[in-house]
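Asks: With the input below, show me the fold.
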Amino acid sequence: MPIFEYKGLTKDGKTVKGNLDSENLRTARTKLKKDGIFVVDIKDKKKSADNKKSNSRSTGNVPVKDLSLMTRQLATLIKANIPLVDALTAISEQVENQTLAEAIADCKNMVNEGQSLHKALSKYPNVFDTIYTSMAEAGEMSGTLDVILLRLAEFTEAQAELRQKVVSAMTYPMIMLVVITLVIFGLFTKVLPEILAIFETMPDMTLPATTQFISSASKIFVENWYLIAGFIIITVLIFFNWKNSTEGRKSWDGILLKIPIVGEIARMVAISRFTRTLSTLLAGGVPMLNAMDIVRNVVDNHVLAIAIDEAKSNISEGESIAGPLKKSNQFPPIVVHMVNIGEKTGDLENMLTLVADAYDFQVKSKIEGLTTLLNPIMTLLIGAVIFVIVISIIVPMFDMTSKLGG
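Replies: Got it, this is the predicted structure:
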């Protein structure tokens, strides 16, 4: 039977701590309540070493479709005037994802004990991110939690769709790149050495320049493959270590935006995130300054984040958001223009949504075009490599056959 470690308050207001044997968390809470103890904190002692991880669960364990579906269901129940605790109870019992179900169940208990929903959700920051908890807080304060939750569901679905398009479009080129690498490695380490060994038995035979080059390359691969592999691994590790450092990340974000095609797509994705997230937050009633704090992290690029920080500073001084975005030279003119119109007309949320939709479409078109271009290029590349290797082998074989025949 699990042992639960608890901390609570007695009716006299005294703090008590202890351990309790119980079948599950719910039964443990019931037992303590009957004993007159108000539970402040309770956890499975066996899992106490993993509590920090459980309170910071990876979003990878909660698929976006599950989170979105749960959010829609919760919005529907709240709109039907079902009490929040009852709605959370129903949701926790029918959610299939175990991580999400446990998070909802724990949030329900916290809400039942008097905490607000957004504070309960904030205990699971990697399941319910800052955007989610901020929107929930705005919904609770404005009394429109059902409407806000529906907006959240739509927002998470849109972000997931964009991410899926990027991943799907790049999957085939990456597979082709791996295949090309494996084919070349196999040829240079297994096939070519055996064939070239035959030519070496013919001392009077002069090999073509391409054959000599491939022969030398093959020997280097066979004799030093571990050094080559080690060099590649160390180089990759050094790069990622630099990229993940504070200064390295700042430098890399600037470099990334300048890379042809890739930089353009990265900028489009960041702008789409910025505009859609800001639109969702503002429509949900989140104050502009708080919303800007959130979206600066969503763009996931230091260069663009600086421009957003400057825009926030202007806003705090009573100025517009469009001005600093234009001065940064990091946001395309059409984005600045649309933001400017939205501010002047008081329809900023809808303008930002239009920009996000437009950039989502552009990202999709760019990636599809890039994929269409990459596929034949990679096919030609692997064909060219194999052709050169085959020619380098066939030509000396013909020479060897003619000499033997002569």
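
Asks: how close does K43 get to K17?
Replies: For K43, the distance to K17 equals 12 Å [Cβ to Cβ, to the nearest Å]. To be clear about C-beta, it is placed using only N, CA and C from the backbone, and glycine gets the same treatment.

Asks: which of those two has more neighbours?
Replies: The neighbour count for K43 versus K17, taken as other Cβ atoms under 10 Å, is higher for K43 (18 against 10).

Asks: in the strand or helix carrying the more buried one, what's buried?
Replies: Following DSSP states H and E, one finds K43 within strand 38-44. Neighbour counts using 16 or more other Cβ atoms under 10 Å place 39, 42-44 of strand 38-44 among the buried residues.

Asks: Overlap of the contact sets of K43 and K17?
Replies: Shared between the contact lists of K43 and K17 (criterion: Cβ atoms under 8 Å, 6 or more residues apart in numbering) are residues 5-6.

Asks: In what element of secondary structure is E161 found?
Replies: Assignment of secondary structure by DSSP H and E places E161 within helix 145-186.

Asks: what's the offset of that helix from the middle of its chain?
Replies: Going by Cα atoms, centre = their mean, to the nearest Å, the spacing between the C-alpha centre of helix 145-186 and its chain's C-alpha centre is 9 Å.

Asks: Moving C-terminal from it, which element do we reach first?
Replies: helix 192-200.

Asks: Taking helix 145-186 as reference, get the angle to that following helix.
Replies: Here the directions of helix 192-200 and helix 145-186 differ by 20 degrees (axes from the mean of the first three to the mean of the last three Cα atoms, to 10 degrees).

Asks: what about the helix holding E161, average pLDDT?
Replies: Model confidence over helix 145-186 averages 79 on the pLDDT scale.

Asks: which sections of this protein are below the confidence cut-off?
Replies: Of all residues in the chain, those with pLDDT under 70 make up the ranges 1-2, 13, 45-61, 202-205, 402-406.

Asks: most residues in a single helix of it, which one?
Replies: Taking DSSP state H as the criterion, the chain has its longest helix at helix 348-405.

Asks: between the helix holding E161 and helix 348-405, how many degrees?
Replies: Using the same axes, to 10 degrees: helix 145-186 against helix 348-405 is 10 degrees.

Asks: tell me what helix 145-186 is packed against?
Replies: The contact analysis (3 or more Cβ pairs under 8 Å, 6 or more residues apart in numbering; DSSP states H and E) places helix 145-186 against helix 64-79, helix 130-142, helix 262-283, helix 348-405.

Asks: Centre of the chain to the third one, how far?
Replies: The reference is to helix 262-283. Here helix 262-283 is found 14 Å from its chain centre; the criterion is Cα atoms, centre = their mean.

Asks: Buried ones in it, by neighbour count?
Replies: Neighbour counts using 16+ other Cβ under 10 Å place 264-283 of helix 262-283 among the buried residues.

Asks: Following the chain onward from it, which element is next?
Replies: Later in the chain than helix 262-283, the nearest helix or strand by DSSP H and E is helix 288-298.

Asks: Can you list the buried residues in whichever helix or strand comes after that following helix?
Replies: On the C-terminal side of helix 288-298, the nearest following helix or strand under DSSP H and E is helix 302-316. Counting neighbours by 16+ other Cβ under 10 Å, one finds that the buried residues in helix 302-316 are 302-308, 310-312, 314-315.

Asks: What lies in contact with whatever helix or strand comes next after helix 302-316?
Replies: The helix or strand immediately downstream of helix 302-316 is helix 322-327, counting by DSSP H and E. In this structure, residues lying in contact with helix 322-327 by Cβ under 8 Å, 6+ apart are 307, 310-311, 313-314, 331, 333, 335-337, 339-340, 343.

Asks: Using CSV, write out every CA atom in stretch 69-80.
Replies: Extracted C-alpha coordinates of stretch 69-80, given in CSV (Å, rounded to 0.1, in the frame of the first residue of the first chain):
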residue,chain,number,x,y,z
LEU,A,69,-9.4,18.3,-26.7
MET,A,70,-9.3,18.6,-22.9
THR,A,71,-9.5,22.4,-23.1
ARG,A,72,-12.5,22.3,-25.4
GLN,A,73,-14.3,19.8,-23.2
LEU,A,74,-13.6,21.9,-20.1
ALA,A,75,-14.9,25.0,-21.9
THR,A,76,-18.1,23.1,-22.9
LEU,A,77,-18.8,22.0,-19.3
ILE,A,78,-18.2,25.5,-17.8
LYS,A,79,-20.4,27.0,-20.5
ALA,A,80,-23.1,24.6,-19.4
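
Asks: Looking at the helices and strands packed on helix 145-186, which is nearest to R29?
Replies: helix 64-79 (22.1 Å; Cβ to Cβ).

Asks: just checking, next helix/strand downstream of that closest one?
Replies: Scanning the chain past helix 64-79 towards its C-terminal end, the next helix or strand to appear is helix 84-94 (assignment: DSSP H and E).

Asks: now that next one, how far from the centre of its chain.
Replies: Averaging C-alpha coordinates over helix 84-94 and over its chain gives two centres that are 28 Å apart (Cα atoms, centre = their mean).

Asks: Not counting its own residues, what contacts that helix?
Replies: By Cβ under 8 Å, 6+ apart, the list of residues contacting helix 84-94 from outside reads 70, 73-74, 77-78, 82, 101, 104-105, 107-108, 111-112, 117, 145.

Asks: PyMOL command to pick out the buried ones of these?
Replies: Only the buried members of these enter the following PyMOL selection, criterion being 16+ other Cβ under 10 Å:
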select buried, resi 70+73+74+77+78+101+104+105+107+108+111+117+145
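
Asks: now for the contacts of helix 84-94, which pair is the farthest apart?
Replies: Every pair of these checked by Cβ to Cβ; the farthest is A101 and L145, at 20.5 Å.

Asks: center of this structure - which residue?
Replies: Centroid-nearest residue in the chain: R163, 7.8 Å away (criterion: Cα atoms, centre = their mean).

Asks: any idea how far S215 is from that residue?
Replies: Look at R163 and S215: by Cβ to Cβ, they are 46 Å apart.

Asks: re the thing from before, packing partners for the strand holding K43?
Replies: Counting by 3+ Cβ pairs under 8 Å, 6+ apart, the packing neighbours recorded for strand 38-44 are strand 3-9, helix 25-34.

Asks: Buried residues, the first one. List them.
Replies: Same thing as strand 3-9. Buried residues in strand 3-9, defined by neighbour count with 16+ other Cβ under 10 Å: 4-6, 8.
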